[in-house]
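> Turn this into a structure:
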Amino acid sequence: MSNESEKHQHSDDITIKRAVALKYEMERDNAPKVIAKGEKLLAEKIISIAKEHGIYIYEDPILVSLLARVNIGNEIPEKLYRVIAEILAFVFTLEKRV
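Predicted coordinates for the structure are as follows:
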């Protein structure tokens with residue numbers, strides 16, 4: 001469904017990439033769930049797999065840091081419903097055009 005990636009700048013000037021993958025099945029799920037998350041090489045792998053499968057990638061450092069706090073397999077918190085709903089609506093619109 002959606003992957004978010006982030007590059008976080010540390011004081012020692014090392015860039016760390018982070019990614020979180022979400023899945024949402026409207027008929028089955030109450031809310032989107034975190035299905036994968038990681039930093040550095042794992043984040044790159046998550047993003048690579050998403051690209052291979054034609055999954056839309058949305059980049060937002062703040063959103064990724066909030067989603068990274070959610071355990072894998074858990075639903076996103078209610079406070080993120082609106083922003084994720086807006087992203088999903090955009091993705092569904094893109095998919096209808098293809």
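
> drop to CA atoms for contacts and neighbour counts, all remaining ones
OK.

> can you give me the end-to-end distance of stretch 49-64?
Stretch 49-64 has an end-to-end distance of 17 Å (CA to CA, to the nearest Å).

> Over to Ile35. Which of the three states is it?
Secondary structure, DSSP: H, G, I helix; E, B strand; the rest coil: Ile35 is strand.

> list the contacts for it?
Each residue near Ile35 by CA atoms under 8 Å, 6 or more residues apart in numbering is listed here: 20-23, 72-73.

> for the longest helix along the chain, which positions count as buried?
Determined from DSSP state H, the single longest helix within the chain is helix 81-97. Across helix 81-97, burial judged by 16 or more other CA atoms under 10 Å covers 84, 87-88, 91.

> all helices in the protein, in order from the N-terminus.
Using DSSP H, helices in the chain cover 40-52, 61-67, 81-97.

> got TSV for these, with distance to Arg28 too?
Output for the helices of the chain, formatted as TSV (distance: least, CA to CA, whole Å):
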stretch	distance to Arg28
helix 40-52	22
helix 61-67	21
helix 81-97	16
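
> I'd like the ones you listed as CSV, with mean pLDDT appended.
Formatted as CSV, the helices of the chain follow (pLDDT from 0 to 100):
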stretch, mean pLDDT
helix 40-52, 95
helix 61-67, 95
helix 81-97, 91
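
> quick one, which of these is nearest to Asn30?
Of all the helices of the chain, the one in closest proximity to Asn30, counting by CA to CA, is helix 81-97 (10.6 Å).
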